[in-house]
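Novice: pasting the structure only:
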């Protein structure tokens, strides 16, 4: 069996284990063992991948495996990884692992909750290892559906509305995506669904590309919070339970950026060249608009959701810049945003679990009451506003430098506009930090609250270590990603 | 000189240790660890300086530029990469000495000043973080490393200003400081991007050929200066510095007087070869900005009543002097034309010492009377003799009285200004006079003048403990002798030794102006009754009030941020998002819902209705077919 297939297989086994487990204790045991195995696998894969590259493997995709699945449409179960997918797998494994600990206190119907949670991870892991368009699409759908139940059943607030909205919007995106994928398949001569092979054929007529590119880009863009298709995000995040928010903002939104790059840009390069300007304008709007919107929100999760719109906008923005540096930055930003937004949502969930409010106007002086969570929040905030030494800085600086390398006025202007987000980010982050953490605690009820429990501490510390690790020593991850990105970019520009 | 890496690593380790384990330690132990590490760092810095300067000049007569460490931290593209390393040249070595000295003094001083404060350990952790960042900034081997540490310095400043995090003013001030400097850093960042693109490198010494091709270099340097102006509190980006005084006073001494705020000056000095070679007009513009800032801050300082604010504005004004000195350099004659460069660095050095002394002195006074307001002071010379004498030394130095250090550096600046243009020379001399005036107004207000006897009877002010007076004495001693350091032998624009000689006419002029200003201040403020000062304040009450409110610049900002950005941009965008973008989606959903409600009526379950639909449908189809055929 191919080692990569273990990634979706382990969560499947975990689902079986959960189904069989009798008590909460056993459920937790299954989750901890399973997610640790996944994390170990991901870490091992990183080393293995780097080792293979070191040994001189030059193939674009490593550890490939292809099994015929449905011959008439040339659908294969085809897997393989390059530096980008390895990085994404590592990110997903970290988020699933920490998400498990962040859901430790979950009381309601734990078994079903974790079952759906595992199914969601099957989809996510499957998506990142697939190199077949159809398999990729299938895993994409597998990842979306559990979201509906997880939010609708275990969520809070207007959960039915949010779950419905999120699912319908993302489904609308997948509809476009399906048409686009079929368009690519038939446009390329209907001989293969394999991404690498379609790219190698490079035979989709430009007039067809012009039709399919917007469909695929918007289809994935919906998940990547592309303006104006982002409005599922604030409501969805606000209603989702903690670990689901973490997984959703941390990993699921990255499926969008990953797909835009791997499918839309890579397979339809000529159209990408012609039409990129439209999407550059939209993503620039995302970046600034999200940040400005975040400035006046009062719900902690809304603030973070809009901040995600801004940061994920930067991912798509960088991809559209079509050079190695900016695209490397985009992948770094996915990693960085995934980690820090997961940390944010974890902390917000923990604070909400204690205070039962996420309204910034009702919170104050939490630093004295729950110092651990508060310090974690400050660190997450600093990472978010791009403090050197934490992951955000690395990603943003790579993106801005890369974007600036396009030496025409249009690209320069949008780059400068996008850069302004670093100031606006500082405004909304510091506003919240100042409001809810500092000052004196005005609500006497809050004074009685306790600080983080061990499982919460563990999740928070893991994420902070990952953020700081990437921020302090970005060289290896940047090199790993750059190697693969440069091949994709070379194809896009050819 | 590989050991220089320890200068960065030790404070970093100390920060991590105190940050993670500090709360488990006793406060004194945590403070002792931080101070001990800093002492080692200071010793290492002095050793570095000694070794560097005693190694002598190379064949060309210059001190060599050493790079004991440099590694790629993050590759950007083929040629561009962000490196982290250590660069030693005369100005970076000079800065190492300045920072480690002041930082060590502040560490020792804080033992007394911060005694019993909640979060003592956290305080020392942040101090370590700041020291590490500032050291990293000055030894940066490339502009991006400088930016990286620049941001870290900004964050440590944010954390330290907001140290008393339960105080609303402190929170607001820390936020303001961070956001204003961040805004300026946006300019810095874009400047770096432009520079990196056109010069093809982030190092400070791009190849001349690539530079000649880039007509954008002046733009890049101008943008970088915006970043420098933010950190160095140049008008109109100065508004954060007076508010930053909400932080603990030793922090103000270290960050907001001696080290961080001169980062902008250091940036211009670092990029000086590029400025003078490719963008002299930008350099001269910085001089005009610096001069205006110096004047503005000096005027405002004359009427402030909070002693830390007076000192803050005097800092802004003095940094203006340094920027002016750099800006008046000309490329006509690299040796004498670069006098301003040497003068600026010299003033940076002397100013760091006497301004730290002033702030630490102010801290001792605040410690004694528990207030920043001048109205609670007066006549303190009787209670705090040591503080009094050291404060006086610093005042004389900043006023430019021989033989204190400020005299020498300011004299060089004025000489450089006069050789640039007589107008600039006279203006700066006038501002120097203003400096002497407001400093002695402050001095008399604290130690002489109207004494608040009621308050002092209730709570007798006392001299500060030894941990606080020791740094005062050391810094006062340095202030007395620093002027005699042959600074031009170490640092100069073209690297060749520059012999400082006092220009007789300029020296006489500046001394006379300073003495007159001090005499004026003595006449107005030294006595118990101050009729002249009161009458003046009344006679020019409009001007007085405007200056007291810093000419309402803060209100302008307040208006822009709250009324324009928040009310006219953010709120409408958020509304638009909820009601238009999202509203459209909800409309779609409602429309779909409505449509399905309509269609649902067809499936009502009643046979009669089905019949009607059936007949109607059949009829409709028949008509359609007939019509088409």
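Specialist: Received, thanks. Owing to the predicted nature of the structure, the values given are computational and were not obtained by experimental measurement.

Novice: quick one: residue B:160 and residue B:473, what's the gap?
Specialist: Remark: distance between residue B:160 and residue B:473 (CB to CB, to the nearest Å) = 25 Å. Heads up, the C-betas are built off the backbone N, CA and C, glycines and all.

Novice: ok, now residue A:154?
Specialist: 66 Å.

Novice: and the residue of the stretch 351-500 of chain B found nearest chain A, how many neighbours?
Specialist: At 20.5 Å from chain A, residue B:370 is the closest residue in the stretch 351-500 of chain B, using CB to the nearest CB. Look at residue B:370: counted by other CB atoms under 10 Å in any protein chain shown, it has 10 neighbours.

Novice: Please apply the same query to residue B:562.
Specialist: Counted with other CB under 10 Å, residue B:562 comes out at 11.

Novice: Now do the contacts for it.
Specialist: Counting by CB atoms under 8 Å, 6 or more residues apart in numbering or on different chains, residue B:562 touches no other residue.

Novice: Pretty sure it sits in a helix.
Specialist: Yes. Looking at residue B:562 with DSSP: H, G, I helix; E, B strand; the rest coil, it is inside a helix.

Novice: picking that back up, out of residue B:160 and residue B:473, which sits in the more crowded spot?
Specialist: residue B:160 (27 against 15).

Novice: secondary structure element for that one?
Specialist: helix B:143-161 (DSSP states H and E).

Novice: Can you name the element that comes right after that helix?
Specialist: helix B:168-199.

Novice: Pull out the buried residues from that following helix.
Specialist: B:170-199 (16 or more other CB atoms under 10 Å in any protein chain shown).

Novice: so what's the nearest residue to residue B:164 once chain neighbours are set aside up against?
Specialist: Leaving aside its sequence neighbours, residue B:164 sits nearest to residue B:170 (CB to CB, 6 or more residues apart in numbering or on different chains; 4.6 Å). Contacts for residue B:170 (CB under 8 Å, 6+ apart) come out as B:161-164, B:246-247.

Novice: Would you mind measuring from residue B:162 to residue B:399?
Specialist: 33 Å.

Novice: Of the two, which one has the most company?
Specialist: A side-by-side neighbour count of residue B:162 and residue B:399, using other CB under 10 Å, places residue B:399 first with 28 against 25.

Novice: Skip the chain neighbours and tell me the closest residue to that one.
Specialist: That would be residue B:436: by CB to CB, 6+ apart, it lies 3.6 Å from residue B:399.

Novice: repeat for residue B:61
Specialist: Per CB to CB, 6+ apart, closest to residue B:61 is residue B:496, 5.5 Å.

Novice: Quickly note the distance from the one you found to residue B:300.
Specialist: Applying CB to CB to residue B:496 and residue B:300 gives a distance of 40 Å.

Novice: all strands for the stretch 51-200 of chain A, in order.
Specialist: A:62-70, A:75-81 (DSSP state E, counting those that start in this stretch).

Novice: where do the helices sit along the stretch 101-250 of chain A?
Specialist: A:110-129, A:133-154, A:159-187, A:195-201, A:206-223, A:232-239, A:242-247 (DSSP state H, counting those that start in this stretch).

Novice: Quick check: which of these is buried the most?
Specialist: helix A:242-247 (a mean of 29; mean count of other CB atoms under 10 Å in any protein chain shown).

Novice: for chain A, which spans come out with low pLDDT?
Specialist: A:1 (pLDDT under 70).

Novice: relative to its centroid, which residue of it is most remote?
Specialist: residue A:444 (38.0 Å; CA atoms, centre = their mean).

Novice: Now do the SS call for residue A:351.
Specialist: helix.

Novice: List the contacts of the residue nearest to it when sequence neighbours are not counted.
Specialist: Once flanking residues are discounted, residue A:351 sits nearest to residue A:373: 6.1 Å by CB to CB, 6+ apart. Residues near residue A:373 by CB under 8 Å, 6+ apart: A:347, A:350-351, A:366, A:451-452, A:456, A:460.

Novice: Please narrow those to those residing in helices.
Specialist: A:347, A:350-351, A:366, A:456, A:460 (DSSP state H).

Novice: Ramachandran angles for the residue nearest the centre of chain B?
Specialist: In chain B, the C-alpha nearest the mean C-alpha coordinate belongs to residue B:261, at 2.7 Å (CA atoms, centre = their mean). Taking degrees, to the nearest 10, you get phi -70, psi -10 for the backbone angles of residue B:261.

Novice: how far away is it from residue B:102?
Specialist: From residue B:261 to residue B:102 the distance is 12 Å (CB to CB).

Novice: Packing partners of the host helix or strand of residue B:535?
Specialist: Using DSSP H and E, residue B:535 maps to helix B:531-539. Of the remaining helices and strands, those touching helix B:531-539 by 3 or more CB pairs under 8 Å, 6 or more residues apart in numbering or on different chains; DSSP states H and E are helix B:504-525.

Novice: Quick one: distance of the helix it packs on to the chain centre.
Specialist: 29 Å (CA atoms, centre = their mean, to the nearest Å).

Novice: the inter-axis angle of it versus helix B:531-539?
Specialist: Counting by axes from the mean of the first three to the mean of the last three CA atoms, to 10 degrees, helix B:504-525 lies at 90 degrees to helix B:531-539.

Novice: Helix B:504-525 - contacts with which helices or strands?
Specialist: Right, helix B:504-525 is packed against helix B:385-399, helix B:405-420, helix B:422-447, helix B:531-539 by 3+ CB pairs under 8 Å, 6+ apart.

Novice: Highest mean neighbour count across those helices, which stretch is it?
Specialist: Comparing the helices and strands packed on helix B:504-525 by mean count of other CB under 10 Å gives helix B:405-420 as most buried, with a mean of 26.

Novice: ok, back up a step: buried ones among the ones in helices among the contacts of residue A:373?
Specialist: By 16+ other CB under 10 Å, the ones in helices among the contacts of residue A:373 give A:347, A:350-351, A:366, A:456, A:460 as buried.

Novice: before we move on, back to that, just checking, what packs against the helix holding residue B:160?
Specialist: helix A:391-404, strand B:81-88, helix B:120-138, helix B:168-199, helix B:217-231, helix B:263-270.

Novice: got the angle for it vs helix B:263-270?
Specialist: 170 degrees.

Novice: buried ones in helix B:143-161?
Specialist: In helix B:143-161, counting by 16+ other CB under 10 Å, buried: B:143-161.

Novice: what mean pLDDT would you report for that helix?
Specialist: Averaging pLDDT along helix B:143-161 gives 92.

Novice: What distance do you get for residue A:473 to residue A:146?
Specialist: 35 Å.

Novice: Check residue A:396 too.
Specialist: Residue A:396 is 32 Å from residue A:146, by CB to CB.

Novice: ok so, going back, and which of the contacts of residue B:170 is nearest chain A?
Specialist: For the contacts of residue B:170, the nearest to chain A is residue B:162 (6.7 Å; CB to the nearest CB).

Novice: Surely the closest one is in contact with residue B:168?
Specialist: No. Look at residue B:162 against residue B:168 with CB atoms under 8 Å: they stay out of range, at 10.7 Å.
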